[in-house]
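Asker: Next one to model:
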Amino acid sequence: MRANSLSLGGVTVVFDFVARLFDNRLLSPHGFCILWRPELLWTHVVSDALIFGAYMTIPVALGIIVHRRRDIPFGWMLWCFALFITACGFTHLMGIWTLWNPDYGVEALVKAVTAIASIATAVALWSLIPVAVSIPTPADLKAVNEELRKRIAERDLAITEFQHEKAQRVQSEEALVQSRKMDALGQLTGGIAHDFNNLLQAVQGSLELIDRRADDPAKVRQLASGAMQAAERGARLTAQLLAFARSKQLKMDTFVVSRFLLEVRELLSGGAGEMVDLRFDLKSEDAAVRADKTQLELAILNLIINARDAMDGGGRVVVRTGLVAIPRPLPDLEAGDYVEISVTDDGPGMSEEVRARAFEPFFSTKGVGRGTGLGLSQVYAVARQSGGTARIDSAPGRGATITLLLPLTPVGAEAAAPERPKDPIPDRFGEVLVVDDDADVRTFAAAALRVLGHAVREAEGGRQALEEVQAARPDAVLLDFAMPGMTGAETAIALHREHPGLPIVFMTGYAEAADLEPILGRKASVLRKPFRMDELGAALSAALATAGAA
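Answerer: Numbers count the residues shown, from 1 in each chain. Now for the predicted structure:
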């Protein structure tokens with residue numbers, strides 16, 4: 001009961017204090033104290049009004065600053081200062097109010113709030129002094145900016161030096177690549193010169209002996225045969241060079257690999273020789289590829305001959321076929337299914353250095369006169385031309401396996417069924433226009449055609465050929481592909497435009513597939529240089545027979 005009485009007594013005291021605080025019945029307005037003198041009265045009013053207005057603008061300005069600069073670390077201090085200024089402004093507003101209204105209790109409460117805000121602001125301001133003092137001065141910022149500019153300049157200089165060094169390195173690399181190209185070109189031309197000098201020596205020597213022994217027909221035939229063999233070796237060498245350069249027009253066919261290898265087995269066995277145990281392990285009997293049969297046959301024969309030479313004294317060579325799947329693209333191979341043709345020997349194998357250069361043209365570890373160094377480069381070129389690649393797996397002491405990977409091709413009717421032998425084309429004769437800018441080739445072709453029974457006219461270029469055909473239409477045209485001024489392709493297009501049925505046989509030793517494609521589409525045929533007389537006769541007979549049937 002006593003505690004309750006004390007509590008009620010305390011509440012009563014508070015209410016009495018508040019009541020007395022707001023009780024203004026015995027109080028007079030502040031204007032009464034200054035006797036309502038107008039000069040004093042309005043001086044107070046105007047001054048307090050201006051102070052109140054100025055004070056109210058300060059919190060608004062501080063609020064805008066804090067709102068726009070949220071990164072200021074002591075924004076809370078600005079809010080405290082804004083509260084303090086606002087409270088001070090209301091004390092001046094109450095000064096105007098109490099001139100006419102003696103509400104001194106309300107004025108006292110406003111001043112109490114102002115006092116609390118001022119104390120809090122003062123305490124906060126003193127605690128803020130270390131932070132404010134640590135803020136960089138303009139001189140500090142200037143020094144930092146200068147240091148930053150210095151570092152930026154150093155960075156720019158370093159970048160410039162790096163770019164200069166990079167440009168020098170690129171130039172050095174280009175010079176190195178060019179040097180290697182020149183070195184490879186030197187090796188290439190040296191190898192070509194060496195081999196062709198040997199071939200030309202054989203041809204030249206045979207022809208000179210024929211000239212001296214013209215009265216001995218048997219000896220002449222023997223020497224002519226030797227010269228022909230040397231020329232055929234030169235033709236094979238040129239074919240290998242063109243295959244390596246990927247400039248030879250390939251005759252692409254789709255065929256089953258195992259059946260193809262069985263067809264050429266006898267030839268491959270002859271290339272292996274009697275001292276080599278040549279075996280075949282043919283799997284995936286229905287697997288087919290699309291490639292040039294002649295070039296692929298030559299590539300496999302080269303591999304077998306290389307294996308034979310590596311096993312000096314004889315050994316075993318195994319030709320294998322199989323299927324391999326490439327799940328993801330490789331640098332030299334697309335993803336997909338491939339037919340694998342490998343030739344494995346049990347010879348001494350290759351060192352890492354030899355294996356790295358084995359596909360280079362004219363690189364050979366054989367002795368002088370035992371090879372041109374074009375065999376493996378031709379193998380690689382044929383594989384790449386057919387959409388695949390070639391690989392070597394070898395190490396000293398464990399033999400070598402060289403593998404051709406060719407894209408697996410769906411077996412078509414032309415690959416599934418063996419070709420039926422074609423009926424021989426009967427000899428046909430007519431008037432042939434021979435067009436070639438090389439006088440020696442033109443003279444030979446014209447003489448050969450006359451020996452074969454054809455009538456011959458000659459032209460040394462495309463424009464003269466058009467004039468000759470315009471004057472009198474021949475039965476066929478024997479046309480060189482690479483000619484200055486007007487190429488064989490341009491000449492053929494012009495001839496077909498004026499004489500659509502005129503048969504054309506191209507003579508070429510070098511031609512891009514893209515250049516020949518428009519002409520081949522018109523049923524033109526191609527005769528590869530160098531060619532024999534019987535090949536020339538067969539090509540002309542076939543062209544004349546086709547024209548006759550049409």
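Asker: quick one, domains of the protein?
Answerer: Structurally, the chain divides into domains by automatic domain parsing as follows: 2-134, 252-416, 431-549.
Asker: Ok, which of the ones you listed comes nearest S172?
Answerer: Across the domains of the chain, S172 has its closest neighbour in domain 252-416 (22.6 Å, CB to CB). Placement of C-beta: from N, CA and C, glycine included.
Asker: Distance from the chain centre to that closest one, please.
Answerer: 28 Å (CA atoms, centre = their mean, to the nearest Å).
Asker: shouldn't Y104 be in contact with L26?
Answerer: No: Y104 lies out of contact with L26 (CB atoms under 8 Å); the separation is 11.1 Å.
Asker: more crowded one of those two?
Answerer: Using other CB atoms under 10 Å as the criterion, Y104 and L26 rank with Y104 on top: 16 against 6.
Asker: Show the low-confidence segments of the stretch 301-450 of the chain, by residue range.
Answerer: 313, 361-375, 412-427 (pLDDT under 70).
Asker: Could I get the full set of strands for it?
Answerer: All strands of the stretch 301-450 of the chain, identified by DSSP state E, counting those that start in this stretch, fall at 315-326, 336-345, 389-394, 400-407, 431-435.
Asker: same question, the chain
Answerer: Counting by DSSP state E, one finds strands in the chain at the ranges 252-256, 276-282, 288-292, 315-326, 336-345, 389-394, 400-407, 431-435, 455-459, 476-480, 504-508, 525-528.
Asker: between those strands, which one is nearest to P138?
Answerer: strand 315-326 (68.9 Å).
Asker: Partner strands of that closest one, with direction?
Answerer: strand 276-282 (parallel), strand 336-345 (antiparallel) (DSSP bridges).
Asker: could those strands go into TSV alongside mean neighbour count and distance to W97?
Answerer: Converted to TSV, those look like this (neighbours: other CB atoms under 10 Å; distance: least, CB to CB, whole Å):
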stretch	mean neighbour count	distance to W97
strand 276-282	15	116
strand 336-345	21	96
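Asker: Just put those strands in TSV and tack on distance to G388.
Answerer: Listed next are the strands paired with strand 315-326 as TSV, based on distance: least, CB to CB, whole Å:
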stretch	distance to G388
strand 276-282	18
strand 336-345	6
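Asker: As a check, name the ranges of all helices in the stretch 101-250 of the chain.
Answerer: Ranges of helices within the stretch 101-250 of the chain are 104-134, 138-212, 217-245, based on DSSP state H, counting those that start in this stretch.
Asker: which stretch in the ones you listed is the model least sure about?
Answerer: Mean pLDDT is lowest for helix 217-245 out of those, coming in at a mean of 66.
Asker: Tally up the residues packed near H44, please.
Answerer: 18.
Asker: related to what we said a few turns ago, which of the domains of the chain sits closest to A227?
Answerer: domain 431-549 (12.0 Å).
Asker: picking that back up, most tightly surrounded among the strands of the stretch 301-450 of the chain?
Answerer: Most buried of the strands of the stretch 301-450 of the chain by mean neighbour count (mean count of other CB atoms under 10 Å) is strand 431-435; its value is a mean of 25.
Asker: Contacts made by it with the rest, please.
Answerer: Contacts to strand 431-435, defined as CB atoms under 8 Å, 6 or more residues apart in numbering, come from residues 442, 445-446, 449, 454-462, 464-465, 468-469, 474-480, 483, 488, 491, 540.
Asker: which of the residues you listed count as buried?
Answerer: Taking 16 or more other CB atoms under 10 Å as the criterion, what is buried in these is 442, 445-446, 449, 454, 456-462, 464-465, 468-469, 474-480, 483, 488, 491, 540.
Asker: Compare the strands of the stretch 301-450 of the chain and give me the one nearest R70.
Answerer: Minimum separation from R70 across these (CB to CB) falls at strand 315-326, 59.6 Å.
Asker: which phi and psi does the residue sitting nearest the centre point of the chain have?
Answerer: What sits nearest the mean C-alpha location of the chain, by CA atoms, centre = their mean, is P331, with 10.0 Å. The phi/psi pair for P331 (degrees, to the nearest 10) reads phi -60, psi -30.
Asker: Please report the distance of it from L261.
Answerer: The gap separating P331 from L261 is 29 Å, by CB to CB, to the nearest Å.
Asker: May I see the strands of the chain organised as CSV, with distance to D48 added?
Answerer: Shown next, in CSV, are those (distance: least, CB to CB, whole Å):
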stretch, distance to D48
strand 252-256, 107
strand 276-282, 115
strand 288-292, 105
strand 315-326, 94
strand 336-345, 95
strand 389-394, 99
strand 400-407, 100
strand 431-435, 118
strand 455-459, 120
strand 476-480, 116
strand 504-508, 113
strand 525-528, 114
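Asker: Looking at these, which is nearest to I116?
Answerer: I116 lies closest, by CB to CB, to one member of the strands of the chain: strand 315-326, at 83.9 Å.
Asker: which other residues reach the closest one?
Answerer: 257-258, 261, 268, 272, 275-284, 287, 300, 304, 307-308, 311, 333-347, 405, 408.
Asker: Backbone torsions only: list them for M483.
Answerer: Taking degrees, to the nearest 10 as the convention, M483 sits at phi -140, psi 150.
Asker: Against V319, how distant is F280?
Answerer: 5 Å.
Asker: between the two, what contacts are shared?
Answerer: L261.
Asker: related to what we said a few turns ago, the strands paired with strand 315-326: which one's closest to R20?
Answerer: Checked against CB to CB, the stretch from those lying closest is strand 336-345, at 103.8 Å.
Asker: now the closest one and strand 252-256, what's the angle there?
Answerer: Angle, strand 336-345 to strand 252-256, by axes from the mean of the first three to the mean of the last three CA atoms, to 10 degrees: 80 degrees.
Asker: Could the C-alpha coordinates of strand 336-345 be exported in CSV?
Answerer: Provided in CSV are the C-alpha atoms of strand 336-345 (Å, rounded to 0.1, in the frame of the first residue of the first chain):
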residue,chain,number,x,y,z
GLY,A,336,34.2,-39.0,-87.8
ASP,A,337,34.9,-42.6,-88.9
TYR,A,338,38.0,-43.5,-90.8
VAL,A,339,39.5,-46.4,-92.6
GLU,A,340,43.0,-47.2,-91.4
ILE,A,341,45.6,-48.6,-93.8
SER,A,342,48.9,-49.3,-92.1
VAL,A,343,52.2,-50.8,-93.2
THR,A,344,54.3,-52.3,-90.4
ASP,A,345,57.9,-53.5,-90.7
